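>>> show me how the following folds:
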Amino acid sequence: MKVKTILIMKPKVHEVKISPLFFRDVSDDVKSFEARFDDRDYKVGDVMILEEYSNCKYTGRETHKVITYKLDGGQYGIEKDWCVLGLRSMNDKDYKIMEE
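Residues are numbered from 1 along each chain as shown. The predicted model follows:
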């Protein structure tokens, strides 16, 4: 009998600022996407820690999301070097993978 080995890679974590204008909607899963400058090598499965940033300082509020989709720029009216990321809230399984 063959045994399959499944490797579960720890996702890359991206800590990024987010405006109070968008924080609540992203945190509450009303806004499930982010348009970002693509300077961090974002990949599906990576984690984003979005930290609310207002008046040149962090507010202490943050939300954790998993990247579910990436639409690269240079097409569909999205500027080159930018991307649109689909997001979902992290679940217990996601946090367990992060802890390992």
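>>> centre of the chain to the longest strand that the chain contains, how far?
If you go by DSSP state E, the chain has its longest strand at strand 57-72. Relative to the centre of its chain, strand 57-72 is centred 4 Å away, using CA atoms, centre = their mean, to the nearest Å.
>>> and that strand, what does it pack against?
For strand 57-72, the packing partners by 3 or more CB pairs under 8 Å, 6 or more residues apart in numbering; DSSP states H and E come out as helix 20-27, strand 47-54, strand 82-89. Glycine gets a C-beta too; all of them are placed from N, C-alpha and C.
>>> quick one: strands adjacent to that strand?
strand 47-54 (antiparallel), strand 82-89 (antiparallel) (DSSP bridges).
>>> in the first one, what's buried?
To tie it back to what came earlier, the one meant is strand 47-54. 47-48, 50-53 (16 or more other CB atoms under 10 Å).
>>> any idea how far Leu21 is from Lys10?
Between Leu21 and Lys10 the computed distance is 32 Å (CB to CB, to the nearest Å).
>>> can you tell me what sits against the one helix or strand in the chain whose mean pLDDT sits lowest?
When the helices and strands of the chain are compared on mean pLDDT, DSSP states H and E, helix 92-99 comes out lowest with a mean of 80. Contacts with helix 92-99, where a contact means CB atoms under 8 Å, 6 or more residues apart in numbering, come from 8, 10-11, 13, 47, 66.
>>> between that helix and strand 82-89, how many degrees?
Orientation note: helix 92-99 sits at an angle of 110 degrees relative to strand 82-89 (axes from the mean of the first three to the mean of the last three CA atoms, to 10 degrees).
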